[in-house]
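# Give me coordinates for this.
(4 chains)
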Protein chains: 2
Amino acid sequence: MKLTTKGRYAVMAMADLASYSKNKPVSLSEISTRQNISLAYLEQLFIHLKDNKLVKSVRGVKGGYALDRPASEIKLSNIFHAVNEEVKTLNCKKESKKGCNHKSIKCITHNLWDKLDNHINGFFENVKLDELVKR
Amino acid sequence: MKLTTKGRYAVMAMADLASYSKNKPVSLSEISTRQNISLAYLEQLFIHLKDNKLVKSVRGVKGGYALDRPASEIKLSNIFHAVNEEVKTLNCKKESKKGCNHKSIKCITHNLWDKLDNHINGFFENVKLDELVKR
DNA sequence: TTAAATCTTAGTAAAACAGTAGGATTTATT
DNA sequence: AATAAATCCTACTGTTTTACTAAGATTTAA
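Next up, the predicted model:
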């Protein structure tokens, strides 16, 4: 059960944006050096962040990225969702698969994994970007 | 962020034991068919569960496994720990590594991952095996 | 015109995962 | 004594995912 770098880096980069982008956009190379994340990798992440309207971009020289809405209105769940960092404790959602076959007795733990999903997603849902940055 | 089958299967198998092993031991082949998990894979998991004194074994014909203590005294965290299902949100514990270098500003999110770890581990710590089985 | 930036698509080495395979050992039953 | 059912043990392996890298196209301020 581990967080992928995609999810971690996306949050780090967004937190960086939240603290350094006042008015003007911040370039990915800045974030790259500050957070020690490869530029090319950041580029990939930001395409998704942009698609999900979490950031807006300015192209060309002096360009970069800025938050598309206040940090107080961006939840961690928004960020994770944007880069496809999903919580998957089951691999059995719809059809019955190996290790879980929806018969009440056989998959005793089915309900447990649902609760775990909710527990973790609840955390992501309740933390907002501004809370990471203040202080 | 996903649970490995090791963790899931171990909990499923332990829940199976808790419901089917009254007095006599339960063989892994029974669990294998009931839970639809490969026998050879179960064997590997149970070595670890045994090492961690969560189950006890009876060898030979009519042998099998049984819980080593009441289901009410076995936490999910015990099971996950036994099979090395760990929560790892950071990959930077001691030394500074890529993507996190302990300088206060650079790794703004360090504290966040700690909280996430605690949040998830708290769930595992607070659910006991008997709760899965009762009704 | 240049250079700094975003945008886009492919590819890829390494690690982790999810098992298999093949036996050795123990022991109740026949 | 033989058999078969079970645990025990170690090694191997195909597949998938991860975590990038590479290479270029496009945009735009200076």
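# And for the residue of chain A found nearest DNA strand D, the neighbour number?
Taking CB to the nearest atom of the strand as the measure, chain A has A:Gly60 as its residue closest to DNA strand D, at 2.1 Å. Where C-beta positions appear, they are placed from N, C-alpha and C, glycine not excepted. Residues lying near A:Gly60 (other CB atoms under 10 Å in any protein chain shown) number 6.
# measure A:Tyr9 to A:Trp113 for me?
Separation of A:Tyr9 from A:Trp113 (CB to CB, to the nearest Å): 27 Å.
# With neighbour numbers in mind, choose between these two.
A count of neighbours by other CB under 10 Å puts A:Tyr9 above the other of A:Tyr9 and A:Trp113, at 24 against 21.
# Report the separation between the closest residue to the more buried one other than its chain neighbours and B:Pro25.
Nearest non-adjacent residue to A:Tyr9, counting by CB to CB, 6 or more residues apart in numbering or on different chains: A:Ile37, 5.2 Å away. A:Ile37 is 52 Å from B:Pro25, where distance means CB to CB.
# Looking at these two, which has the bigger crowd around it?
Shown here are A:Ile37 and B:Pro25; by other CB under 10 Å, A:Ile37 has more neighbours (23 against 18).
# Do I have it right that the more buried one meets A:Met14?
No - counting by CB atoms under 8 Å, A:Met14 is not a contact partner of A:Ile37; they are 12.0 Å apart.
# So which residues on chain A come close to DNA strand C?
A:2, A:27-29, A:40, A:43-44, A:46-47, A:50, A:57-65, A:98-99 (CB under 7 Å from any atom of the strand).
# of those, buried ones?
Buried members of those, counted by 16 or more other CB atoms under 10 Å in any protein chain shown: A:Lys2, A:Ser27, A:Leu28, A:Phe46, A:Gly64, A:Tyr65, A:Gly99.
# wait, which of these is closest to B:Lys75?
Nearest to B:Lys75 among these, counting by CB to CB, is A:Lys2 at 20.5 Å.
# which stretches of chain A aren't confidently modelled?
A:91-107, A:135 (pLDDT under 70).
# the helices in it, which residues?
A:5-20, A:28-35, A:39-51, A:76-82, A:110-126, A:129-133 (DSSP state H).
# Just want the most central residue of chain A.
For chain A, the residue nearest the mean C-alpha position is A:Phe80 (2.0 Å; CA atoms, centre = their mean).
# so how far is chain B from that one?
When distance is defined by CB to the nearest CB, to the nearest Å, A:Phe80 is 8 Å away from chain B.
# do A:Lys53 as well
Distance, A:Lys53 to chain B, using CB to the nearest CB: 22 Å.
# Need the nearest residue in space to that residue, chain neighbours excluded.
Per CB to CB, 6+ apart, closest to A:Lys53 is A:Asp68, 5.3 Å.
# For B:Thr33, see how far away the one you found is.
53 Å.
# Who has more neighbours out of those two?
Neighbours per residue, other CB under 10 Å: of A:Asp68 and B:Thr33, the larger number sits with A:Asp68, 15 against 12.
# Not counting its neighbours along the chain, what's nearest A:Ser21?
A:Ala66 (4.6 Å).
# Could you list which residues are in contact with the one you found?
A:Leu17, A:Ser21, A:Lys24, A:Pro25, A:Val26, A:Val55, A:Lys56, A:Val58 (CB atoms under 8 Å, 6 or more residues apart in numbering or on different chains).
# Now, the buried ones among the residues of chain A next to DNA strand C that are in strands?
The strands, defined by DSSP state E, take in A:Gly64, A:Tyr65 from these.
# Mind putting the buried ones among the residues of chain A next to DNA strand C into JSON lines with distance to B:Lys88?
Below are those laid out as JSON lines (distance: CB to CB, whole Å):
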{"residue": "A:Lys2", "distance to B:Lys88": "4"}
{"residue": "A:Ser27", "distance to B:Lys88": "31"}
{"residue": "A:Leu28", "distance to B:Lys88": "27"}
{"residue": "A:Phe46", "distance to B:Lys88": "25"}
{"residue": "A:Gly64", "distance to B:Lys88": "32"}
{"residue": "A:Tyr65", "distance to B:Lys88": "29"}
{"residue": "A:Gly99", "distance to B:Lys88": "22"}
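# Cool, thanks, talk later.
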